[in-house]
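Undergrad: predicted structure and sequence below. I'll ask about it afterward.
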Amino acid sequence: MSTYKPGEFEDKWEKVYSEKKTFEPGVDTKKKKFFITVPVPYPDGRLHLGHLYTWTRADVYARFMRMKGFNVLWPQSWHFTGGPMMGMSIRLKNKDPVAISIMQKAGVSPSEMEKFTDPLEMGLYFSKTFKNDMQKAGMSIDWRREFILSYTPHYSKFVEWQLRKLKDKGLIVQGNHPVVWCPREDTPLGDHDRAEGEGESPMLFSIIKFKHDDIVLPVATLRPETVFGATNLWVNKQISYRIIQIRGEKWIVSQEFAKKAEYQFKDIKDQGEFDIGSLLGKNAVNPVNGEELPILNADFVDKDVNTGLVMSVPMHAPFDYFYWEKIKTESPELYRKPKKVIDVSGHESLIEEAVKKAGGQANGLKEATRFVYKKETNDGILNSNSGELSGLAVKQGKEKAIDILKGLSAYDSFYEVSGKVVCRCGSRGLVKLVENQWFIRYSDKELKEKAIAYIEKMNIFPPEAKAQVINSIYNMEDKAMARRGGQGTPLPWNKDWIVEPLSDSTIYMAFYTISHIIKDIDVKEVNDELFDYVFFGVDTKKKPSKKMEDMRREFEYWYPVNLRVTAKDLLTNHLIFFILNHVALFPEDKWPRGLGVNGWLIINDIKMAKSKGNALTISESVEEHGADAVRLIAAASNGIDDVKWSLSDISAAKQRFEVMMDAVEILNDIDNKKSEIDRFLMSRMNYMIKAAEENYSEMKFRNAVFSSFFEGIDNLKFYLDAGGRDEETLRKYINGMVRLIHPVFPFITEEINKKLGGKNLLEESGWPDAGSYKQDEVIENEVSALKSTMEDISKLIKITEKKPSKIVIGIAGKELFDVYNSVVEAAKKTQNPKEIRGVLKTSGEFVEKLLKNPNRIPKNGLDRETEIKLFEELKGYIKRLFGAEIEIKESDDEKAAPGRPKIDLL
RNA sequence: GCAGGGGUAGCGAAGCGGUCAAACGCGUAAGGCUUAGGACCUUAUGGCUUAGGCCUUCGAGGGUUCAAAUCCCUCCUCCUGCACCA
């Protein structure tokens, strides 16, 4: 018995690969090329099995393509900017105990950790550990081409070149842009910087300027079209109000709004406190119709939301309705019947309905508001109470109302966060209107159309992801591509702005083709002329240098990217920018050809995690189980779903390695001795090769490993158990199997291949040829007949509670086989019983029995001679399993059917 | 709101017009091995059935077909993403 020792020969094969430079391919025009990439990670901690999932999938594909004879390039680099990395660095600077403990667990010494207050140092440290772990796990990466985005100076030149090209094409524009902002840290407040309010975003509100004398009372609303239905204004006595000067007007607003407004309006002057009580009971003028509306108190008015003044439209807003009805009893002299301005057919009294359902509870009223808003927005028509808006659908009415208000100089707008946002620093997030932000114009219609038409032609695995990509592009808006401060490449035309990390990493795969050459060129000589020559073939003023020619050749040979492998979190952002930038900048033959998208790998082995104190790192896993076994993660899923992964699967792999190793040992002791099951094993390999080919090419690695490895081992075990001992067959089978599973298990397969007399699987490019393994449907069917007969025997033994000393297996007569095969033949064209009967020359009980379940008629027939021979050959095998003498004979018993012999237990 | 993907045994998950009571894995039960535990091996795991059989299921309802988990329609329900952030 062989024992699989993890790691026994991994170093040896790593050395072979590195000496032969197997993973450092050059331009070889004799071979077809394949260029595969995985997006740059932001190294802010140790690589773990969950991350490795994506890289392993890429590696499996890369090795598969090498086996198929392609010249495969797979480089890898890093990105050192990005919020999470900066965040970790800042947290370490602040001596955050959680952050420190994460670093300790990652094995970082205190002296190293001190340096991490510079995110660059952290990136350098962890990218080294990433690289080391990837190497240990057998990633076939060309490390000569490694560089660091936003840090390698040559790359920054490349980004500048790219941006100038985009700008030349009119794809970069400037504009104002609302951003959720932390006022204390004075930075944008991204989702991961938030203690509360993930996913909340800026929302544009209309401001309608009501007036009291010369004072403006600005109310914020999402529903300006209801302004004709206003009965009053609400303010809240418990809120502090201030008077501010804005655009030459005096506005009364909440203290909070006065602060927030500074982030969205220019030239605001705070003119001090305002006693809101002085306005209560006074009137405000509705700009659209001059109606005088009372200003009243209501405690639902929130100081943190908008201006602190609310327009009350009882018939269309549940809160207003609820409080307005109270006025009826509290101050009947002020009450008047509210006007309904929107009709929804089928809902005569929508508001009463909604409020009744809410039961007067604040939560219920919120729910009711949502209900009314939805109903009226979708199905509402503005009625004759709403002046010039009457007859319009609510959506159109909204636009018209805004126009009318603008015409009356009574309109403004304000961005408010869609929900409460709190920064990690504790202060409340607000919306800042960033002025003159730079955008990439992804909204460009022509660009979108070109991209979408092209994506239809791309290979996207799994295919469901394609619809998502297309839809994301369809909905694409302009993307803010720069930020003030931080790390990265400054905008070439305005150094105050830094290109943000998703926008400087859209076409860097092109840089991989030249990164190992350009690094030896003085960065001062790296300019747009160089890049234009290398990437576009534009003539240079002087004759291009040798290095430049080399780069041009590399780019022309390797580009485009054939496959980009990534987890699904990048699907609707980075991958979209990746495609759109290629479409914008390069000719179509340089656009990416394929995407492979996977879900998350969830390591769910809690016990293991507990005993180890933390999630398993790559080096620990590889040391314990061996790189090959760990790489089984590649087979976790076929698609984009998240997968729970249990480490116990790993030992299942190890055991099967040993079965293969045993089979190789046996080869020394056996000769050539063919029998029926040899036909079976060869036929299985024929099927396995075809299945593997299809599954690997579509990145269905779960299926690939299943059919080539787990089933492959099962076949092998069956063959050996059944007494198969033909050296040629066995050798040929193992030889095929080793090739099929090499992409997933590179080291053990190289080792076994060597034992079989091979040299180096990747060098041999030895993807097996299905044609050299004979497909044989008859033997496949007869073996399953044998297997099901054995199942039947054990079933019978159980039912009869008899321990037979002899089992007689009666094979059906020739006539039945003929009938059976003719039914099978007829069923190839149709499985409709009526039609089969029409085609058949014979009829009778046996035919009717078969036709009772037409869908169970197999695709291929049976052969009586083979059946007899097979059962005779495997007599010993059957005997061993049941501990009884076996006799095979012919039988004319009615129970004996082709593929289903009569069984007698004696 | 917009978009994408689901609902199959105790659980995870395959199947996507016809050998489907439903692969495979986990869990559970019995047995073997073992000083014991773990690991491993065998068997069972919808219901009924003392001869290899029968019956009923794939979120709900309806339709197309000789044949539907698979195709079409309606409904219920769950998950994911929505940008200056990787």
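TA: Received, thanks.

Undergrad: residues contacting the residue in the stretch 451-600 of chain A positioned nearest to RNA strand B?
TA: Here the stretch 451-600 of chain A gets closest to RNA strand B at one residue, residue A:480, 2.4 Å apart by C-beta to the nearest atom of the strand. From N, CA and C alone the C-beta is placed, and that goes for glycine too. Shown in contact with residue A:480 (C-beta atoms under 8 Å, 6 or more residues apart in numbering): A:177, A:179, A:434, A:437, A:438, A:439, A:500.

Undergrad: nearest to residue A:95, out of those residues: which one, please.
TA: Nearest to residue A:95 among the contacts of residue A:480, counting by C-beta to C-beta, is residue A:500 at 28.2 Å.

Undergrad: quick check: bridge partners of the closest residue to that closest one other than its chain neighbours?
TA: Excluding its sequence neighbours, the residue lying closest to residue A:500 (C-beta to C-beta, 6 or more residues apart in numbering) is residue A:483, at 5.0 Å. Under the criterion DSSP bridges, residue A:483 forms beta bridges with residue A:498.

Undergrad: quick check: residue A:483 touching residue A:498?
TA: Yes. Applying C-beta atoms under 8 Å, one finds residue A:483 in contact with residue A:498, separated by 5.8 Å.

Undergrad: in three-state terms, label the closest residue to residue A:227 other than its chain neighbours for me.
TA: Nearest non-adjacent residue to residue A:227, counting by C-beta to C-beta, 6+ apart: residue A:288, 5.3 Å away. Three-state call for residue A:288 (DSSP: H, G, I helix; E, B strand; the rest coil): coil.

Undergrad: show the subsequent helix or strand relative to the worst-scoring helix or strand of chain A on mean pLDDT.
TA: Using mean pLDDT, DSSP states H and E, helix A:606-612 stands out as the lowest-scoring helix or strand of chain A, at a mean of 34. Later in the chain than helix A:606-612, the nearest helix or strand by DSSP states H and E is helix A:618-625.

Undergrad: got the confidence number for residue A:626?
TA: For residue A:626, the pLDDT comes out at 85.

Undergrad: the stretch 101-250 of chain A: helices as residue ranges?
TA: A:110-115, A:119-136, A:153-168 (DSSP state H, counting those that start in this stretch).

Undergrad: quick one: mean pLDDT for the longest one?
TA: Along helix A:119-136, the predicted local confidence has a mean pLDDT of 92.

Undergrad: buried ones in that helix?
TA: Neighbour counts using 16 or more other C-beta atoms under 10 Å place A:119-127, A:129-131, A:133-136 of helix A:119-136 among the buried residues.

Undergrad: with just CA atoms, put it into PDB.
TA: Backbone C-alpha positions of helix A:119-136 (Å, rounded to 0.1, in the frame of the first residue of the first chain) are rendered in PDB as follows:
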ATOM      1  CA  PRO A 119       0.500  51.700   3.600                       C
ATOM      2  CA  LEU A 120       3.300  51.200   1.100                       C
ATOM      3  CA  GLU A 121       5.300  49.200   3.600                       C
ATOM      4  CA  MET A 122       2.300  47.100   4.400                       C
ATOM      5  CA  GLY A 123       1.700  46.400   0.800                       C
ATOM      6  CA  LEU A 124       5.400  45.400   0.200                       C
ATOM      7  CA  TYR A 125       5.300  43.100   3.200                       C
ATOM      8  CA  PHE A 126       2.000  41.300   2.300                       C
ATOM      9  CA  SER A 127       2.600  41.200  -1.400                       C
ATOM     10  CA  LYS A 128       5.700  39.100  -0.600                       C
ATOM     11  CA  THR A 129       3.600  36.800   1.600                       C
ATOM     12  CA  PHE A 130       1.000  36.600  -1.200                       C
ATOM     13  CA  LYS A 131       3.600  35.700  -3.700                       C
ATOM     14  CA  ASN A 132       5.200  33.100  -1.500                       C
ATOM     15  CA  ASP A 133       1.800  31.400  -0.700                       C
ATOM     16  CA  MET A 134       0.800  31.400  -4.400                       C
ATOM     17  CA  GLN A 135       4.100  29.700  -5.300                       C
ATOM     18  CA  LYS A 136       3.600  27.100  -2.600                       C
END
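
Undergrad: got the residues of the stretch 201-350 of chain A near RNA strand B?
TA: Applying C-beta under 7 Å from any atom of the strand, one finds that the stretch 201-350 of chain A approaches RNA strand B through residue A:201.
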